[in-house]
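*Asks:* structural data only, the sequence is not supplied:
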């Protein structure tokens, strides 16, 4: 397998559920051989526009703490090999592998659509989750600034919103987030998977280094924004050694809320993850997968509600105990998010607030 510099997936594996054709990523280098022309140029990132009719997605999953979310972008350039959202790219007739991190989509009308939704007489407010499917602060946010515009609208109408990210770009919106926090309207979670920048470059090739994420956590906390460190995902024999170190570093920056999630490998993520393991960690690939399967009743993935988030078995208990002991030692409390929905004031569709 060829490793594509700056990319997480090794191949362009197609969806096994939708019978999509296998795609070979060639970086615009089609016919010449390596012996003649050398290695192909890096895979370029492309961005296409989508024009959906709605922007809020609603779910009824009983094991997630929100019922609605916004994803202004589809696909994610961070390229995290473990990303459970990779299979969604198959709906675009694209590979959950390299296509997911190189062929991105943006929804330019996101803020307009959200304003229209919030203005409906039938709308009832509840926290909107951002970062549930793709990172709202991935690199293209610097160009489109849709996340910032959505936060501005939420502040304008006093609507609660939560953010999950693994990027320090979140601090660019600290002015808005601090004001939202002053009204008890926001909560930010930053995901940190390891303390090793070299490992992070393999796992999450275009996400910022762990040190920058931890620095962002500290800046958010100092600004009064309710902040949470997510040690997720925990990958046995790859990242689990960093559980205590991550919590220690977060505690030193004033963070007192934390959680962990074991790696999930739904649908096409499992074969992509196996390719990645065989390429970068052939010495322990078998051990990693055997440990994961021991927590998933012998399977690569458990799709059942609740148990998908709460693995079982000896190894799961070991990780759970380690996390709990570190939490107690460092003074962490149980994650608690209770945002205020009572301040919501519907906007008018033309962008003007109602006079009365």
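*Replies:* It's in. What you see is a predicted model; the values in this text were computed from it and never measured.
*Asks:* and stretch 321-330, which residues are buried?
*Replies:* 322-323, 326-327, 330 (16 or more other Cβ atoms under 10 Å). C-betas here are computed from N, CA, C, even on glycine.
*Asks:* got a markdown table for those residues, with pLDDT and distance to residue 228 too?
*Replies:* Output for the buried residues of stretch 321-330, formatted as a markdown table (pLDDT from 0 to 100; distance: Cβ to Cβ, whole Å):
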| residue | pLDDT | distance to residue 228 |
| --- | --- | --- |
| 322 | 98 | 19 |
| 323 | 97 | 14 |
| 326 | 98 | 15 |
| 327 | 97 | 12 |
| 330 | 97 | 14 |
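*Asks:* could you dump those into TSV and include distance to residue 55 and secondary structure?
*Replies:* What follows is the buried residues of stretch 321-330, written out as TSV (distance: Cβ to Cβ, whole Å; DSSP: H, G, I helix; E, B strand; the rest coil):
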residue	distance to residue 55	secondary structure
322	40	helix
323	35	helix
326	39	helix
327	36	helix
330	39	helix
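*Asks:* and the gap between residue 266 and residue 161?
*Replies:* 26 Å (Cβ to Cβ, to the nearest Å).
*Asks:* could you do residue 185 as well?
*Replies:* 7 Å.
*Asks:* residues contacting the closest residue to residue 80 other than its chain neighbours?
*Replies:* Leaving aside its sequence neighbours, residue 80 sits nearest to residue 204 (Cβ to Cβ, 6 or more residues apart in numbering; 4.5 Å). Residue 204 sits next to 8, 78-81, 166, 193 when contact means Cβ atoms under 8 Å, 6 or more residues apart in numbering.
*Asks:* check contacts around the closest residue to residue 66 other than its chain neighbours.
*Replies:* Nearest residue to residue 66 in three dimensions, chain neighbours excluded: residue 129, at 4.2 Å (Cβ to Cβ, 6+ apart). By Cβ under 8 Å, 6+ apart, the contact set of residue 129 is 66, 68-70, 161-162, 164.
*Asks:* what of residue 343?
*Replies:* With Cβ under 8 Å, 6+ apart, residue 343 has these contacts: 158, 183, 185.
*Asks:* would you agree the second one is in contact with residue 340?
*Replies:* Which is residue 183. Yes - using Cβ atoms under 8 Å, residue 183 is in contact with residue 340, at 6.9 Å.
*Asks:* do a quick rundown of the helices in the stretch 1-150 of the chain.
*Replies:* For the stretch 1-150 of the chain, applying DSSP state H, counting those that start in this stretch gives helices covering 34-37, 98-102, 110-118, 141-144, 146-157.
*Asks:* what comes up buried for the longest strand along the chain?
*Replies:* Longest strand of the chain, by residue count under DSSP state E: strand 227-234. For strand 227-234, the neighbour count (16+ other Cβ under 10 Å) marks 227-234 as buried.
*Asks:* next secondary structure element downstream of that strand?
*Replies:* Downstream of strand 227-234, the next assigned helix or strand under DSSP states H and E is helix 243-252.
*Asks:* which strands or helices does that next one pack on?
*Replies:* Using 3 or more Cβ pairs under 8 Å, 6 or more residues apart in numbering; DSSP states H and E, the elements in contact with helix 243-252 are helix 210-222, strand 227-234, strand 258-262, helix 314-330.
*Asks:* neighbouring contacts of the third one?
*Replies:* The one in question is strand 258-262. 228-234, 236, 243, 247, 250, 292, 295, 309, 311, 316, 319, 323, 327, 332, 335.
*Asks:* who does it pair up with?
*Replies:* strand 227-234 (parallel) (DSSP bridges).
*Asks:* measure how the partner strand sits relative to helix 210-222, angle-wise.
*Replies:* For strand 227-234 against helix 210-222, the angle by axes from the mean of the first three to the mean of the last three Cα atoms, to 10 degrees is 150 degrees.
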